[in-house]
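Student: okay, here's the prediction I keep looking at, along with the sequence it came from:
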Amino acid sequence: MNNFYAENINHIKNLSKEEFEALFEFTQVLNSPNQQESLIENAIDVVINVINAERGLFVKYDESTNNFSIISARKISNESITDLNQFSSGILQKVIREKRPLLYHDVMGDPNLSQFESVQIHRIKSVIGVPIIRDRKVWGVIVADSTLDRREFTEENLIFLNFFSNLVALALDRIIKLEELEKENRILINKLQSTEEIPEMIGNSPVMRNLAQLIHKVALTDATVLITGESGTGKEIAAKAIHQLSRRKEKPFLAQFCGSIPDSLLESELFGYKKGAFTGANSDKQGLLEAADGGTFFLDEIADISSALQAKLLRVLENMEIIRLGDTKVKRIDVRIIAATNKDLHALSKDGNFREDLFYRLNVFPIKMPPLRERREDIPLLASHFVKKLAQKEIPIDSSAAKKLEGYYWPGNIRQLINVIQRAVIICDSNKIYADHIILEDSKDLIDFKGTLGEFEVLLLKKRLEEFNGNRTLTAKSLDVSVRWIQLKLKELNEQ
Ligand SMILES: Nc1ncnc2c1ncn2[C@@H]1O[C@H](COP(=O)(O)OP(=O)(O)OP(=O)(O)O)[C@@H](O)[C@H]1O
Ligand SMILES: [Mg+2]
């Protein structure tokens, strides 16, 4: 490479004004935050313009299989070319072998090149090929050709292109490393956000054993899974278990909470965006669905997404295709989708509050997490599991305490059980857990309640509001009513 440079350094002085200008323009592209694809598209544009070619393309080369794949291609009219056969593969092979830019005139007359059908069909006269070299290997090739017998492809063009390809290689190197780091970073952040590691799913009741079997079976497939169940029943750990038991387990498990997040933010998180898609989109950004490629994607609280996003998700589920915001290019992804909700999605879809077609796409394999009160026999097992985990030693649970735990109706399910055990572990003197240590905030009032249904409703609402520090959104969620319902109730109460 150095020799080639030294030999040709004088020629650089002969670069045309146009070429210098193109280089200058391109250095500005290099300096802006970019992604591989935009960089490559810009690079092809520069090549086509400067050497006055009619078509140009960038192919990536895979050394291990000796295969080429088109990353981007352009005709002078800017339409896309998708078939590599339309180009001369002879020149690609030669560039790979010689690892330097090559230029041919009179391609039809050259027996080595004219044998290719593509050359014949397209009546190619001149062709130029420039390798992009990374780590001393040909990473890709820019090819441009022309059917006119113009002598506009010159030796100077080659010098220019060699210079240019080094710039592209440097920029690509930076971008690829950055993209890898970004992806890794996103996966790590997402892992941290979904806090708990996968615990064993504790439970010996028939319903849990049945569930475990289902999870094992569905994990072997790529079917979309819809997990339903009340809050705290273990929907998220079921989703993680499916991923862990699947062939995708080495690939990312990414999750997105879809409840109470502004639509535009959720959309850009899921689908990513192209630079300039909206104010503040200063660079291209990969979405989580793309980052999860090869792995599993968990859409948590799916019932809350807007109808616009529902339409986009339908497209993902139907075709495994996504389009970044502000982009036109369709990308294929390979992601297994698991969705969860504590709402009755079927009922919502019947009432027109959720797309019915999306519901059926999600509900390919439904899994219902049972509430804890429907598998009370698991409570002692779960309780001692959490005691051991939280106290980091075994503390026996007195039968009085066990009875209290088993008798409760657990509106917050396992999450609530964990909280109750946490408190018990703190207040017991670490010898034994007695009934007194089990504090079930609303059990007395609610279970032994003697009043009317209306009064019960008010009591429950007040308790719940207290529990959530007056936060109406969370209260509404836990009671499975709308925030508006709560507002109306409170208004009614004030009037009384
Ligand atoms: N079978 C189980 N064995 C042990 N721990 C469990 C089990 N099921 C749930 N948990 C634990 O209970 C807590 C709540 O579980 P998870 O977050 O999966 O529930 P969820 O259904 O997603 O709740 P929400 O609807 O509130 O998001 C977690 O800490 C989880 O580890
Ligand atoms: Mg959850």
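Tutor: Sure, I can see it. Ligands and ions are numbered 1, 2, ... in the order given.

Student: and the strands in this structure?
Tutor: Using DSSP state E, the strands of the chain run over residues 55-62, 67-75, 102-104, 126-134, 137-146, 225-228, 253-257, 272-273, 285-286, 296-300, 321-323, 330-332, 336-341, 365-368.

Student: quick one: contacts of the last one?
Tutor: The contact list for strand 365-368, computed with C-beta atoms under 8 Å, 6 or more residues apart in numbering, reads 211, 214-215, 218, 221, 223-229, 238. Every C-beta, even on glycine, is put in place using the N, C-alpha and C of the backbone.

Student: for Ala22, state which of the residues you listed is nearest.
Tutor: Thr224 (48.2 Å; C-beta to C-beta).

Student: what's the burial count for that closest one?
Tutor: 17 (other C-beta atoms under 10 Å).

Student: grab the nearest non-local neighbour of the closest residue to ligand 1 within the chain.
Tutor: As assessed by C-beta to the nearest ligand atom, ligand 1 sits closest to Gly234 within the chain, at 2.7 Å. By the measure of C-beta to C-beta, 6 or more residues apart in numbering, the closest residue to Gly234 outside its immediate chain neighbours is Met369, 5.4 Å from it.

Student: list the contacts for that neighbour?
Tutor: With C-beta under 8 Å, 6+ apart, Met369 has these contacts: 211, 227-230, 233-235, 238.

Student: from Ile439, how far out is the nearest residue to Asp344 once chain neighbours are set aside?
Tutor: Setting aside the residues directly before and after it, Asp344 is nearest to Thr228 in space (C-beta to C-beta, 6+ apart), at 7.7 Å. Distance, Thr228 to Ile439, using C-beta to C-beta, to the nearest Å: 30 Å.

Student: also Glu19?
Tutor: Glu19 is 79 Å from Ile439, where distance means C-beta to C-beta.

Student: when these two are compared, which one has more neighbours?
Tutor: More crowded of Glu19 and Ile439, by other C-beta under 10 Å: Glu19, with 22 against 12.

Student: Phe20 versus the nearest residue to that one once chain neighbours are set aside, what's the distance?
Tutor: Nearest residue to Glu19, sequence neighbours excluded (C-beta to C-beta, 6+ apart): Phe160, at 4.7 Å. In this view, Phe160 and Phe20 are 9 Å apart by C-beta to C-beta.

Student: who has more neighbours, the two?
Tutor: Set Phe160 next to Phe20 and count neighbours by other C-beta under 10 Å: Phe160 wins out with 27 against 12.

Student: residue contacts, that one?
Tutor: 15, 19, 23, 50-51.

Student: those in helices, which ones?
Tutor: Among the contacts of Phe160, the members found in helices (DSSP state H) are 19, 23, 50-51.

Student: show me which pair in those residues is furthest apart.
Tutor: Largest separation among these by C-beta to C-beta: Leu23 and Ile51, giving 13.1 Å.

Student: neighbour count for these two, which is higher?
Tutor: Set Leu23 next to Ile51 and count neighbours by other C-beta under 10 Å: Ile51 wins out with 27 against 16.

Student: tell me the pLDDT of Ser443.
Tutor: For Ser443, the pLDDT comes out at 49.

Student: ok, now the one 4 residues further on?
Tutor: In the prediction, the pLDDT value recorded for Ile447 is 59.

Student: now the one 3 residues further on
Tutor: Per-residue confidence at Lys450 stands at 66 (pLDDT).

Student: remind me which residues of the stretch 1-150 of the chain are low pLDDT?
Tutor: Where the stretch 1-150 of the chain drops to pLDDT under 70, the residues are 1-15, 32-35, 75-89, 106-123, 149-150.

Student: and the gap between Glu37 and Ser165?
Tutor: In this view, Glu37 and Ser165 are 17 Å apart by C-beta to C-beta.

Student: who has more neighbours out of those two?
Tutor: With other C-beta under 10 Å as the criterion, Glu37 and Ser165 differ in neighbour count, and Ser165 comes out ahead with 21 against 17.

Student: contacts only, for the closest residue to the more buried one other than its chain neighbours.
Tutor: Spatial nearest neighbour of Ser165, chain neighbours left out: Val130 (4.7 Å); criterion: C-beta to C-beta, 6+ apart. Contacts for Val130 (C-beta under 8 Å, 6+ apart) come out as 47, 95, 101, 141-143, 161-162, 164-165.

Student: would you map the helices across the stretch 251-400 of the chain?
Tutor: 263-271, 288-291, 307-319, 345-350, 356-362, 379-391, 399-407 (DSSP state H, counting those that start in this stretch).

Student: mind putting those into a markdown table with distance to ligand 1 and mean neighbour count?
Tutor: Formatted as a markdown table, those follow (distance: least, C-beta to the nearest ligand atom, whole Å; neighbours: other C-beta atoms under 10 Å):
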| stretch | distance to ligand 1 | mean neighbour count |
| --- | --- | --- |
| helix 263-271 | 17 | 18 |
| helix 288-291 | 18 | 21 |
| helix 307-319 | 19 | 15 |
| helix 345-350 | 14 | 16 |
| helix 356-362 | 16 | 18 |
| helix 379-391 | 6 | 18 |
| helix 399-407 | 15 | 17 |
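
Student: with respect to Arg484, which of the ones you listed lies nearest?
Tutor: Arg484 lies closest to helix 345-350 among these, at 15.9 Å (C-beta to C-beta).

Student: close to ligand 1: what parts of this structure are there?
Tutor: Residues of the chain lying close to ligand 1 (C-beta under 6 Å from any ligand atom) are 196, 199, 201-203, 229, 231-237, 342, 414-415, 418.

Student: of those, buried ones?
Tutor: Buried residues within the residues of the chain next to ligand 1, defined by neighbour count using 16 or more other C-beta atoms under 10 Å: 201-203, 229, 231-237, 342, 414, 418.

Student: which one of those residues is nearest Glu179?
Tutor: Set against Glu179, the nearest of these by C-beta to C-beta is Glu236 (28.6 Å).
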